[in-house]
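here is a sequence together with a model predicted from it:
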Amino acid sequence: MADKSQNLIFWVIVISIIILIIGIILFVIVDHFDRSATPSQLQRTVGGACQTDKNCLPGLSCLNFICMAPSTSTGNIGDNCKSNNNCLSSLTCQNSVCKAKIGAPCNLLSDCVSSATACDTVSHTCTNLPLSLMVAPLNPSVSASAPVGSGVTLNNLPNISNISNISNLSNLSLSGYHRRAMARSRNPSVSGSYCLSNSECSSGLCGDSKLIADVNGGFKSVHRFSRSLMDVIQEGDNTLMLLGDGNIMREVYSSNGSRRLEMIKGDHKIEQFASLGSNVSNNVILCGLSQGRLYQMDTNTSTQNSWKWELSSWAPSGITHISHSHDGNYLWIQFPIKFSSPRLLTSYSKKPTQYGHLYRFIGTSESPVLVKQSLLPWGIVRIYGRNDVCYLEVNQITRRAIRYPKGDTIRDFHLGLLMPNGEVYKIGTKNNLEIRNVKLIRGVPHLITHRQCASTLNDSPYTNLAISPISENFKFATEWVI
């Protein structure tokens, strides 16, 4: 009997231990899955990082790897749509987003359709006034520290170097006073005024847009175009030049040193270039920005004179700025926080109003990987240098730039480059109406100029792909910051 009792006790203990072990295993498994679906408080709130909706607080959605609050209204500005029927009567569905029509109420230019040029802060309506009326010289009588909330003052305008790129003006609104002041300052009867077409000049002649190389402090005219030159980028041994009409000019270099130009058309009107990968190995993803979306050039059409662009599904929408690192490994993308109030977006504040996503290049057959997310105040853009830790953080309102990782401040900054060796090539605000952009091609800074009204044209007719450069004396306020 004693033996049976001892055996019973033994088996009770064994079974209890087995049940305890099974319970521990089940607890660990359940706890693991519960933790994987419940990230930190930072990730679960609005603006936190996420992979799926489960990583966000109840009621939030994971959009573009960010926890976002769903829209509380239907058919309002900024809401998603499939057709005009999904938007209010004063709005239209454009690129799957409800946008205000010309003459409709707005708070920001980004509220308006792509054909709009400004959101008038007097009437608070979308307007399609010519962009040339939005450019003005610096006015020293206006305080540089004046707030932007009630209208942009003449000497603290956001960066208008890419004036034809609507996305770069997405947060720009102009008061009636400043718009009239700029219209007065733009005198088409005077040679040198900014222009987009011959009809805007009293002489009937809107000059050419130039690509100028700064070689050891000497400016050399490389190309001239009768249409606005928007951007330039290196493509292996060749150079791609983006024109205002969306067409691309490719400069092909031959082994004997000769060069020829080829015109390339595309199925999307590209506004800005970027690239990922190595030009040395020709393992490159050529990207283009168009109406706030990022596209990749279909490599199957790269040898043709008509390119196809494929939507980059991995990139966010509403993009306002892109910049790639010189090593080709990183692409920086900025886009606004949609849930921010219009008051926050139209006033200069250190509160975050835009996201910055940094993507790493994996290969031409794979999508880039998101490696860093940042929140930035309005008016701040980043220009990347050699790699992911080298960049300029530019304040487009105060016209100052901070160089990272060094941390020093560079004043009077209109445009510039962070060179691979860490030096900064700076263009001062004195040339904000002359120079549209600056890009690094084969280690040499290349300046892109705006078109300006001319009294006479001393060049060949505008019938060729490009106009032969002529000898000119350029005076630009450029500087090297060591």
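Okay, I see it. No experiment lies behind these values; they were computed from the predicted model shown.

buried ones in stretch 296-303?
Using 16 or more other Cβ atoms under 10 Å as the test for burial, stretch 296-303 gives 296, 297. All C-beta spots, glycine's among them, are computed from the backbone N, C-alpha and C.

C-alpha coordinates for that stretch, CSV please?
Taking C-alpha atoms only, stretch 296-303 is exported to CSV below (Å, rounded to 0.1, in the frame of the first residue of the first chain):
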residue,chain,number,x,y,z
GLN,A,296,11.8,55.2,-61.8
MET,A,297,13.0,55.0,-65.4
ASP,A,298,12.1,51.7,-67.1
THR,A,299,15.6,50.4,-68.0
ASN,A,300,14.1,48.5,-70.9
THR,A,301,13.6,51.9,-72.6
SER,A,302,16.9,53.4,-71.6
THR,A,303,18.5,53.1,-75.0
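
need the contact partners of that stretch.
Contacts to stretch 296-303, defined as Cβ atoms under 8 Å, 6 or more residues apart in numbering, come from residues 285, 286, 287, 288, 307, 308, 309, 310, 312, 364.

hmm, residue 294 and the third one touching each other?
Yes - using Cβ atoms under 8 Å, residue 287 and residue 294 qualify as a contacting pair, with a distance of 5.7 Å.

could the contacts of stretch 296-303 go into JSON lines alongside pLDDT?
Converted to JSON lines, the contacts of stretch 296-303 look like this (pLDDT from 0 to 100):
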{"residue": "285", "pLDDT": "91"}
{"residue": "286", "pLDDT": "94"}
{"residue": "287", "pLDDT": "96"}
{"residue": "288", "pLDDT": "96"}
{"residue": "307", "pLDDT": "96"}
{"residue": "308", "pLDDT": "96"}
{"residue": "309", "pLDDT": "97"}
{"residue": "310", "pLDDT": "96"}
{"residue": "312", "pLDDT": "95"}
{"residue": "364", "pLDDT": "82"}
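
can you add distance to residue 109 and give these back as TSV?
Converted to TSV, the contacts of stretch 296-303 look like this (distance: Cβ to Cβ, whole Å):
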residue	distance to residue 109
285	30
286	28
287	24
288	21
307	29
308	30
309	24
310	28
312	24
364	35
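
mind showing which ranges of the stretch 1-150 of the chain have poor pLDDT?
By pLDDT under 70, the weakly predicted segments of the stretch 1-150 of the chain are 1-5, 28-49, 63-74, 121-123, 129-150.

repeat that with 80
1-8, 26-75, 78-82, 95-96, 107-110, 114-124, 128-150 (pLDDT under 80).

quick check: neighbours shared by residue 287 and residue 294?
274, 312, 322.

what separation do you get for the first one and residue 406?
Using Cβ to Cβ, to the nearest Å, residue 274 is found at 24 Å from residue 406.

which of those two has more neighbours?
residue 274 (19 against 10; other Cβ atoms under 10 Å).

which strands and helices lie in contact with the strand or helix carrying residue 223?
Per DSSP states H and E, residue 223 falls inside strand 218-225. Counting by 3 or more Cβ pairs under 8 Å, 6 or more residues apart in numbering; DSSP states H and E, the packing neighbours recorded for strand 218-225 are strand 209-215, strand 238-243, strand 248-253.

so what's the residue count around residue 61?
Neighbours of residue 61 under the rule other Cβ under 10 Å: 14.

isn't it up against residue 53?
Yes - with contact defined as Cβ under 8 Å, residue 61 counts as touching residue 53 (5.6 Å).

ok, back up a step: give me the next element, helix or strand, following the strand holding residue 223.
Immediately after strand 218-225, counting by DSSP H and E, sits strand 229-235.

for that next one, output the C-alpha coordinates as PDB.
Extracted in PDB, the C-alpha atoms of strand 229-235 (Å, rounded to 0.1, in the frame of the first residue of the first chain):
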ATOM      1  CA  LEU A 229      16.700  74.200 -68.000                       C
ATOM      2  CA  MET A 230      15.400  72.600 -64.800                       C
ATOM      3  CA  ASP A 231      17.900  70.000 -63.700                       C
ATOM      4  CA  VAL A 232      21.100  68.100 -64.700                       C
ATOM      5  CA  ILE A 233      22.500  64.800 -63.500                       C
ATOM      6  CA  GLN A 234      25.300  62.400 -64.500                       C
ATOM      7  CA  GLU A 235      24.400  59.200 -66.200                       C
END
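
sheet-wise, list the partners of it with their directions.
strand 238-243 (antiparallel) (DSSP bridges).

next, the buried residues of the partner strand.
So strand 238-243, judged by 16+ other Cβ under 10 Å, has buried residues 239, 240, 241, 242, 243.

taking those together, which two end up most distant?
239 and 243 (13.2 Å; Cβ to Cβ).

hang on, the earlier thing: nearest to residue 432, of the shared contacts of residue 287 and residue 294?
Out of the shared contacts of residue 287 and residue 294, the member with the shortest distance to residue 432 (by Cβ to Cβ) is residue 322, at 21.1 Å.

what about that closest one, how many neighbours?
22.

tell me the contacts of the residue nearest to it when sequence neighbours are not counted?
Spatial nearest neighbour of residue 322, chain neighbours left out: residue 274 (4.7 Å); criterion: Cβ to Cβ, 6 or more residues apart in numbering. By Cβ under 8 Å, 6+ apart, residue 274 lies in contact with 233, 287, 288, 289, 294, 322, 323, 324, 331.

burial measure for the second one, as a count.
A total of 24 residues lie near residue 287 under the criterion other Cβ under 10 Å.

before we move on, what about the first one?
When neighbours are defined as other Cβ under 10 Å, residue 233 has 23 of them.

so residue 106 sits against residue 117, correct?
No - using Cβ under 8 Å, residue 106 makes no contact with residue 117, being 11.9 Å away.
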